[in-house]
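Engineer: I'll drop the sequence and a predicted model, then ask my questions.
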Amino acid sequence: MSNETTETTVQDEKGAIEQKGAVEETSGSVAVVDGAGGKKRKSSNSRIAPITSEGDMPQKKYYRQRAHCNPLSHNDNFQYPLRPDKMDWTEEHYPGWEKYKPSGTTADAVVPTVLDIGCGFGGLTVALATILPNETILGMEIRAKVTEFVRLRLLALRKEVPGSYENASVMRTNSMKFLPNYFRKGCLNKLFFCFPDPHFKRKNHPRRIVSERLLSEYAYFLAPGGKLYCITDVKELHEWHVAKCDAHPLFERIEDEKVLAADPCVNAMVTETEEGKKVARNKGDKYYAVYKYRDDLVQNGEREWQMESFFDTFPEESKE
Ligand SMILES: C[S@@+](CC[C@H](N)C(=O)[O-])C[C@H]1O[C@@H](n2cnc3c(N)ncnc32)[C@H](O)[C@@H]1O
């Protein structure tokens, strides 16, 4: 799989893949100038961004991209493995794995264990690399330029402090569609959903990244005792997260304030993401919830499966 994806690939919104070059800002899309200076596409009001060499820290202003997309109709030509065992994570994502993994670990045992889903510019992905040195962190992001920013950011950080950030990487994908292609049952310890797109309109609620159906998928990938973290500045979305997770038989909310305070990931999720920092600057509120994956509750008969646990219901009024 990793052989199929080149290191400096830039993919535009139409899905065409171009390689190696300066990224040119146009109105909402990415154009590419090749290394020899020959322009592939041009926009009259465009500005040329300098090439960020691998190892240099990228500048965010050159990697901004239109904020919202429809993840249900976003049919960009994503590359993905047929099944998880076809994926080699060591080559492209965690090349330094031998330095931080215990001796005896084989390459095929190197898989992500913590996902920052919809990682944006990667603030949490970067922070988790240090907070969880024994975990393997993966930021997942649907926007091409933003993903490229995080990739370059991590390379620059690795260069700055040799040996650091080897356990963090980023991947461009639509996580609402392709998680089963990448991950095996029970392989994840933590899942983060930080400031996900709220998709306010009722007819767009199926685009939300926390839903009954997806929670069942997330439960499948989590190891027993694994945790799901969600945070937002939109109260209504927080209430949606809590309602969906509370209703799911495989998740139990962690309410004990002492337990939450002792978890450094909670503080990181509140303070380290770019969106979280923006909310703090604007003195806005943040609402979060943490859930534990409890397969034992169903096995012991304390909770019951219901069809609603697996399928989203679409009430008539949602079809407006
Ligand atoms: C509002 S931003 C939050 C970014 C980051 N978590 C933060 O807190 O700064 C939501 C991000 O999720 C990404 N996203 C939305 N749907 C996605 C999907 N299906 N798969 C992967 N990323 C997605 C968006 O491109 C966007 O960068």
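Structural biologist: Great, that's in hand.

Engineer: Count the residues that sit near the nearest residue to residue 172 once chain neighbours are set aside.
Structural biologist: The spatial neighbour of residue 172 that comes closest, neighbours along the chain excluded (Cβ to Cβ, 6 or more residues apart in numbering), is residue 147 at 4.0 Å. C-beta: built from backbone N, CA, C; applies to glycine. Residue 147: 26 surrounding residues under other Cβ atoms under 10 Å.

Engineer: so what's residue 147 up against?
Structural biologist: By Cβ atoms under 8 Å, 6 or more residues apart in numbering, residue 147 lies in contact with 139, 141, 170, 171, 172.

Engineer: which intervals of the stretch 51-200 of the chain have sub-threshold pLDDT?
Structural biologist: Across the stretch 51-200 of the chain, the ranges flagged by pLDDT under 70 are 74-75.

Engineer: What residues does the protein have near the ligand?
Structural biologist: Along the chain, the residues adjacent to the ligand under the rule Cβ under 6 Å from any ligand atom are 71, 118-120, 123, 140-143, 146, 174-176, 194-197, 209, 273-276.

Engineer: how far out from the middle of the chain is stretch 176-187?
Structural biologist: Distance, stretch centre to chain centre, for stretch 176-187: 13 Å (Cα atoms, centre = their mean, to the nearest Å).

Engineer: Give the buried residues for that stretch.
Structural biologist: 176, 178, 179, 181, 182, 183, 187 (16 or more other Cβ atoms under 10 Å).

Engineer: swap in stretch 232-250?
Structural biologist: For stretch 232-250, by 16+ other Cβ under 10 Å, it's 232-234, 237-238, 240-242, 244-245, 248-250.

Engineer: Restricted to helices, list the buried residues of stretch 176-187.
Structural biologist: Among these, the residues falling in helices (DSSP state H) are 176, 178, 179, 181, 182.

Engineer: what's stretch 207-218 in contact with?
Structural biologist: 70-72, 117-118, 175-176, 179-180, 191, 193, 196-199, 205, 228, 230, 237, 240-241, 244-245, 247-248, 250-251, 308-313.

Engineer: Just the buried residues of that stretch, please?
Structural biologist: 207, 208, 209, 210, 211, 212, 214, 215, 216, 217, 218.

Engineer: the helices in the chain, which residues?
Structural biologist: So, for the chain - with DSSP H - the helices run 89-92, 97-100, 123-131, 144-160, 175-182, 212-221, 235-247, 257-261, 264-271, 274-281, 295-299.

Engineer: got the CA positions of the fourth one in PDB?
Structural biologist: Read it as helix 144-160. Extracted in PDB, the C-alpha atoms of helix 144-160 (Å, rounded to 0.1, in the frame of the first residue of the first chain):
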ATOM      1  CA  ALA A 144      -5.500  17.100   1.100                       C
ATOM      2  CA  LYS A 145      -3.600  20.400   1.800                       C
ATOM      3  CA  VAL A 146      -4.300  20.200   5.500                       C
ATOM      4  CA  THR A 147      -3.000  16.600   5.600                       C
ATOM      5  CA  GLU A 148       0.100  17.700   3.700                       C
ATOM      6  CA  PHE A 149       0.700  20.400   6.300                       C
ATOM      7  CA  VAL A 150       0.500  17.900   9.200                       C
ATOM      8  CA  ARG A 151       2.900  15.500   7.300                       C
ATOM      9  CA  LEU A 152       5.500  18.300   6.800                       C
ATOM     10  CA  ARG A 153       4.900  19.500  10.400                       C
ATOM     11  CA  LEU A 154       5.700  16.100  11.800                       C
ATOM     12  CA  LEU A 155       8.800  15.700   9.600                       C
ATOM     13  CA  ALA A 156      10.100  19.100  10.700                       C
ATOM     14  CA  LEU A 157       9.500  18.200  14.400                       C
ATOM     15  CA  ARG A 158      11.300  14.900  13.900                       C
ATOM     16  CA  LYS A 159      14.300  16.700  12.400                       C
ATOM     17  CA  GLU A 160      14.300  19.300  15.200                       C
END
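
Engineer: Please identify the buried residues of it?
Structural biologist: The neighbour-count check on helix 144-160 (16+ other Cβ under 10 Å) flags 144-158 as buried.

Engineer: Next: stretch 124-140.
Structural biologist: Quick answer for stretch 124-140 (16+ other Cβ under 10 Å): 124-132, 135-140.

Engineer: which other residues reach that stretch?
Structural biologist: Under the criterion Cβ under 8 Å, 6+ apart, residues 89, 93-94, 97, 100, 110-119, 122, 147, 150, 153-154, 157, 164-165, 167-171, 173, 175, 189-190, 192, 194, 264-265, 268-269, 272-273 lie in contact with stretch 124-140.

Engineer: how does it look with 7 Å?
Structural biologist: 94, 100, 110-117, 119, 122, 150, 153, 157, 165, 167-171, 173, 175, 189, 192, 194, 264-265, 268-269, 272-273 (Cβ atoms under 7 Å, 6 or more residues apart in numbering).

Engineer: ok, back up a step: give me the buried subset of the residues of the chain next to the ligand.
Structural biologist: Using 16+ other Cβ under 10 Å, the buried ones in those are 71, 118-120, 123, 140-143, 146, 174-176, 194-197, 209, 273-276.
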